[in-house]
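Q: mind looking at a prediction? Sequence and model below.
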Amino acid sequence: MIKKKAFSGGVHPHDGKELTNTKNIKIAPLMKEYAVSLSQHIGAPAKAIVKVGDTVLKGQKIAEANGFVSVPIHAPTSGTIISKNKKTSAGGRMEGGVDSVIGPTGALVPMLTISADGEDTPCNDLEPILSWQDCKPEDLKQRVLDAGIVGMGGAAFPTHVKLSPPPSQNIDTLVINASECEPYLSADHRQMLEDTKGIIEGILIIKSILGIQKVCIGIESNKPDAIKAMQEESRKHNIVVTALPTMYPQGSEKQLIYAITGRKVPMGKLPMETGCVVQNIGTAFAIYEAVVKGKPLYERITTITGSPIVNPSNWRLRVGTSLADALTLAEGVKNPDDIGKVILGGPMMGMAQFSLDVPIMKNTSGILLLNKQEVTLYTSGPCIRCGSCINVCPQSLMPSTMGVQIEKERFELAEETNIMNCIECGCCSYVCPSHRPLVQLFRRGKSEIQANNRKKKV
Amino acid sequence: MIAPLLFMAGIGLLLGITIALANIFFSVKTDPRIEEVEDMLPGANCGGCGFAGCNAFAKAVVLDAVEPQKCPVCSKEEAENIASHMGMSVEFDTPYVALVKCCGDNSDSPERALYNGVTDCSAALLVAGATKSCQHGCLGMATCARACPFNAIEIDEKRHIAIVHPELCVGCGKCVSVCPRNLIDMVPKSAPVHILCSSPEKAVLQKKACSKGCIGCRKCSKLDPESIKMDGFLAVMDYDNYSTNTEIIDVCPVHCIYPSLEEK
Amino acid sequence: MSEEKNILLPNPSKLVVSSSPHLHKGNDVQKIMIHVIIALIPACLVGIYVFGWSAAQVLIITIISCVLIEAISLKLIGKSQNALKDGTAVLTGMLLAMNLSASTPWWVCVIGALLAIVLAKQLFGGLGYNPFNPALVARVGLLIGFPTFLTSWAPTKSMLSSTHIDAVTCATPLYQIPLTLKNGTTEILSYTNMDLFLGNIPGSLGETSALALLIGGLYLIVMKIVCWRIPAFFIGGVAVIAGIHHMIEPKTTLTITQHLFSGGLFIGAFFMATDMVTSPETKKGAIIFALGCAIVTYSIRVWGAYPEGVSFAILFMNAFTPLIDRLAANKPFGHIVTEN
């Protein structure tokens, strides 16, 4: 069944998925070094429990959760912890015995670098739970936390927190996000075709943790083969697969819940207010591996793509693989001088990078390279009030007005114009004929408003 | 002809009386001195005094006996005038001036990549942490210059660095809080030498990031240990007891010590 | 791993960093303006065909003076001349010329360009900041300042050839009609509906041919440059009001077709009211704006001192645009639930 109208607004960017969506997932060979960031999730960075010089095994916990909204980090391979801060181009240093190196956001993040010993010796700390059906939800939830699982769609929110709704909240539906609306990315698409059984089992585990009956998988209609594969497998377990219209940002949590259940997440509230829990397809698979195979999260599917790449492909990469190593796997670029941007993530919400030392993280669904023609160096003009941004905003905001308010640094006005509801999907900047950097302005506005509100509380 | 004239005059009279009556019955009693003091204040409404504006400050001067020299914009004479009007005595603090503690322009600390976006330091920091090689240096995107009510901060268009004009700066301190890299400090106007670097990095990394960054060689602090203290790998001037020794300018191997602010 | 292959990696120092999104639709202000200019060309050609060489002269003089004045004012303000490239000056010039009679002397055209570019646009801060449509400000300014030039229309070529008179001025249908109606003549209109539709009538050089304007307007709507709401509700609104009024008083009012195809309704509805800068941004706002334009236009036409009210109506509603924008602002996704 195809839903006709999902949400108002949205855009149809060039999707570029044809580069990789027919290519099998390849398993990456062992690298020499892995730089594992301790801040791969939303919330407090994990606390290192190993130090420089220690030897670690594959899957060994190297950093522990630091608070409720935090997850442990595991070693992607066996080897020795080394210090790398002298090698970085700028800004690296030691803090509390842990390297601090520039992360994807440009800020310094604590990082443990593992020099691989080539043996890849596993550590079997986590016992496989084969008969998980007989387990208590609490134990399964503990396993999700122990395996360091976070939302793998992009936000990297700790999964065990999402699976622990307050008892007052009546949860009745599990929504599985497989829309993969970001252009160019095909990691989820390939995983649905190749790991179908594992994904479904992961979904069943989540279902038993939440103790609910209704499960919907939302897949964009531009992946008919994935829809078919999932439908065949899910039929046995009474799981509904919904084909959603191909429209960016279909995979945004609030828009997805609306498309599938018709419920609207109230302004400023969490999705669980609507009785829904949303999990990404990759997360479901990670949960399956954590529970059934006892494997912590140190690997993920990443699409390495873009027109300048010699061999765009999907890879099962270990967390901590540097961009340079990952690009080498894809056989490098056609012309090194013709690269405009290196983006971690998809083109609509990913982060542009200027260093190839940045490592893959638990939420890196793609590495996208754009050539110089595809990158428009824009100079932005004044708003001509054409209203395009308003028509495409999936959150029904007034981006043009908010943009002007932030530009004039009238943050309190922008707050009244509901800037805090912006999901930074980028539709407004995508259509703006004046090339206004609206998303950047909103990010600034949101951070200033949050800072002000914190100040007010104190 | 007469009738409309009378009519208009009547309306005028009626309205005049209404206003006069309103003034008598609805008037809010204020201390007339507040208005007088406000007239004597510069009227920039900069908020540098910590009050909401010149009117609020005038109220504070009159009602709460706040010292008029707390207005950072008033000249000495103006503050004295207000004080004598109010029958107060004045004791002057040392005048302060803003100091941008960074001297590495885009030739010293080049851009690591091409930045394409909003010309604002806080906004630029949200994109991969800004592109300047030095993680602690001035981005030169005028966030402080826009916050300055007196146009005392200039951005050198070619060098991408903020320069304070001490003759225009009144020391209101508005720029201090807006700098996302916390580079701006209020320092005594009389200090003759300044260390213009805020990067705590070690020499190895500092050299890579900026040719004018403090490398923590301690040459300046050896010459004047009383006022220059080392904070890790960064020499920091103690402005409560500032150095007057201009020799330190020449001993600095990276030339990040400057005699006055304009020569930067 | 194939080590022997020469694997190339990007050069980090040459990369561009910017905020997401990293893709763009590829549209820009210049492209929008070019589309609008293309859409105006049929009406211009009809104007030149109907009124002859003098119409082309007015067009050229107005466009050139608009561009020159824009360049000079940018220079005086100290802005980059790049702002000229967006093509808005050309468009303003074109729209202004289309609102003038083909017999307008050159110096009136230049004054009009001055009013449009300097008074209505640059004094407010340039493109994007002007509250009123520049071409309309100029037209209304000229109408008040030089009423004789703006209300005496060049005759069409066909009229000239039939009467063998070199220079006549004549009134537009909308001018003639109230007079004839008020004089109680039963002969309502000497022009057929087809004349009105094709544009074979006296009037401003660009406004006469409803057909050409309709083609241009539909082009804009199909190309998604303008939204269909403003033209549809503006024209539809006038049609409905005129229809009701005509039903009540058939003898003293014009028919719907006469109202729609005479005067500047089509050029106003498709090209002036849809000006992005001066019309509301939201869909709801556009409908309110267009209906307001329709009501004011009809009121001025029937009860006002001027026979034509489109320009005044649009300017009048331009003034309300900020207010409409505020009233018709979108409610954010999920807001209803919070009110409960």
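A: Sure thing, it's come through. Residues are numbered from 1 along each chain as shown, chains lettered A, B, ... in the order given.

Q: quick one: the spatially closest residue to A:Pro336 that is not a sequence neighbour from A:Leu356, how far?
A: Nearest non-adjacent residue to A:Pro336, counting by C-beta to C-beta, 6 or more residues apart in numbering or on different chains: C:Leu8, 4.7 Å away. Where you see a C-beta, it was placed from the backbone N, CA and C, and this is true even at glycine. C:Leu8 sits 12 Å away from A:Leu356, going by C-beta to C-beta, to the nearest Å.

Q: next: A:Val56.
A: Here A:Val56 is placed at a distance of 25 Å from A:Leu356 (C-beta to C-beta).

Q: more neighbours: which of the two?
A: A:Val56 (23 against 18; other C-beta atoms under 10 Å in any protein chain shown).

Q: what pairs with that one across the strands?
A: A:Gly79 (DSSP bridges).

Q: which ones are touching it?
A: Counting by C-beta atoms under 8 Å, 6 or more residues apart in numbering or on different chains, A:Val56 makes contact with A:Val50, A:Ile62, A:Ala75, A:Ser78, A:Gly79, A:Thr80, A:Ile81, A:Ile114, A:Cys123.

Q: do the same with C:Thr208
A: C:Val46, C:Gly47, C:Val50, C:Gly199, C:Asn200, C:Ile201, C:Pro202.

Q: where along the stretch 201-340 of chain C do the helices fall?
A: Counting by DSSP state H, counting those that start in this stretch, the stretch 201-340 of chain C has helices at residues C:210-222, C:229-248, C:256-261, C:265-267, C:283-303, C:310-327, C:335-339.

Q: worst average pLDDT in those helices?
A: Lowest mean pLDDT within the helices of the stretch 201-340 of chain C: helix C:335-339, at a mean of 55.

Q: may I see the buried residues of the longest strand along chain A?
A: Assignment by DSSP state E gives strand A:108-116 as the longest strand of chain A. Neighbour counts using 16 or more other C-beta atoms under 10 Å in any protein chain shown place A:Leu108, A:Val109, A:Pro110, A:Met111, A:Leu112, A:Thr113, A:Ile114, A:Ala116 of strand A:108-116 among the buried residues.

Q: stretch A:299-317 too?
A: Within stretch A:299-317, judged by 16+ other C-beta under 10 Å, the buried ones are A:299-309, A:312-317.

Q: circling back to that earlier point, just put the contacts of C:Thr208 in a markdown table and tack on pLDDT.
A: Shown next, in a markdown table, are the contacts of C:Thr208 (pLDDT from 0 to 100):
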| residue | pLDDT |
| --- | --- |
| C:Val46 | 89 |
| C:Gly47 | 89 |
| C:Val50 | 85 |
| C:Gly199 | 72 |
| C:Asn200 | 71 |
| C:Ile201 | 73 |
| C:Pro202 | 73 |
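
Q: find the nearest non-adjacent residue to the residue nearest the centre of chain C, please.
A: The residue lying closest to the centre of chain C (C-alpha atoms, centre = their mean) is C:Met272, at 2.4 Å. The shortest distance from C:Met272 to any non-neighbouring residue, by C-beta to C-beta, 6+ apart, is to C:Ile314 (5.2 Å).

Q: if we can go back for a sec, quick one: which of the buried residues of strand A:108-116 is nearest to C:Ala328?
A: The shortest gap between C:Ala328 and any of the buried residues of strand A:108-116 belongs to A:Val109, at 44.7 Å (C-beta to C-beta).
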